[in-house]
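A.B. asks: Return a 3D structure for these sequence lines:
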Amino acid sequence: MAKAEKKDGIWETVKTIFWALVIAGIFRTLFFQPFYIPSGSMKDTLLIGDFLFVNKMAYGYSQYSCPFSMCPIEGRILGSQPERGDVVVFRHPTRGVDYIKRVVGLPGDTVQMTEGRLIINGEPAEYEKMPDFVEPRTAQRGGTDLPLCTDLSTPEGGPCHKERFTETLPGGEGHSVLNAIDGLTQDDTKLFTVPEGEYFFVGDNRDNSLDSRFSKSRGGLGFVADEYLIGRADRVLFSSAGRSLLYVWTWRPDRFFKAIR
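C.D. replies: Next up, the predicted model:
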């Protein structure tokens, strides 16, 4: 009798674990997608080693966020348009990998950057100076590139400073952006007019982001069509500065469950 009860108990545990995994898989497929931040293009909003879940329902389903085979080859179903200022994960139009940037230009908008400042539909964004962003000038996690510093003579391992501002887009909320060096090519752009059904993206780390300011032929994004959108990034769930998640001392608990804005 005891053996039968033990066997039944084990079987019930196995079934519980099985259905928990099935439900988790369906939940992940339908609603959320995990995403890891591999580069510094969105500092200091997002740091290398941040882990987050992408809200796939925010803009509906496209061929790149579709849970099964229910979505159209082109276009989007059950979707709404991103809002200016959203942090969005999307499929790179030519490289076939997932990117994360901030949308600053909606269909029909005009976008220009002048002296490192955004102008949307002829209205300049507002900028408030904040304390510098400081990080060690060491190789970025998983790579060999050193971060760009305002002081180009900063030695390896020394404090790497960047200017930090709160940027408020027209009709939007404020978010942090970084500037290392003035006068770079991407600080002054032509006037872009965003086509219907497409979006203009930039990284918050303005001097370290190949985004819509650069054409696809130059390795950038150009405009990104609606069909490439995957979802909105709402919150950092976990963050680690180390090369392994087992390095508990490199965890960044102040970033756990941090809202993304």
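A.B. asks: bridging residues for I120?
C.D. replies: Beta-bridge pairing of I120 under DSSP bridges involves V111, E123.
A.B. asks: The most centrally placed residue in the chain in helix, strand or coil?
C.D. replies: By Cα atoms, centre = their mean, the chain has its centre lying nearest to I100, at 3.0 Å. Assigned with DSSP: H, G, I helix; E, B strand; the rest coil, I100 falls in the strand class.
A.B. asks: do the same with D132
C.D. replies: Three-state assignment for D132 (three-state DSSP): strand.
A.B. asks: Would you mind naming the residues that bridge with the closest residue to the residue nearest to the centre of the chain other than its chain neighbours?
C.D. replies: Ranked by Cβ to Cβ, 6 or more residues apart in numbering and with sequence neighbours excluded, the top spatial neighbour of I100 is V89, at 4.9 Å. The C-beta positions use only the backbone N, C-alpha and C, and glycine is treated the same way. For V89, the beta-bridge partners are I100, G231 (DSSP bridges).
A.B. asks: same question, L178
C.D. replies: Beta bridges link L178 to R164, N205, judged by DSSP bridges.
A.B. asks: How about Y36?
C.D. replies: F51.
A.B. asks: What is the neighbour count of it?
C.D. replies: A count of nearby residues for Y36, using other Cβ atoms under 10 Å, gives 13.
A.B. asks: Can you read off the pLDDT for it?
C.D. replies: With respect to pLDDT, Y36 scores 88.
A.B. asks: Tell me who's in contact with it.
C.D. replies: Y36 makes contact with G49, D50, F51 under the criterion Cβ atoms under 8 Å, 6 or more residues apart in numbering.
A.B. asks: Going by residue numbers, what spans are strands in the stretch 151-261 of the chain?
C.D. replies: For the stretch 151-261 of the chain, applying DSSP state E, counting those that start in this stretch gives strands covering 159-168, 174-179, 192-193, 198-202, 224-225, 229-239, 258-259.
A.B. asks: Revised request: answer the last question for the stretch 1-150 of the chain.
C.D. replies: Secondary structure of the stretch 1-150 of the chain (DSSP E, counting those that start in this stretch): strands at 32-36, 50-55, 87-91, 98-105, 110-114, 117-120, 123-124, 126-136.
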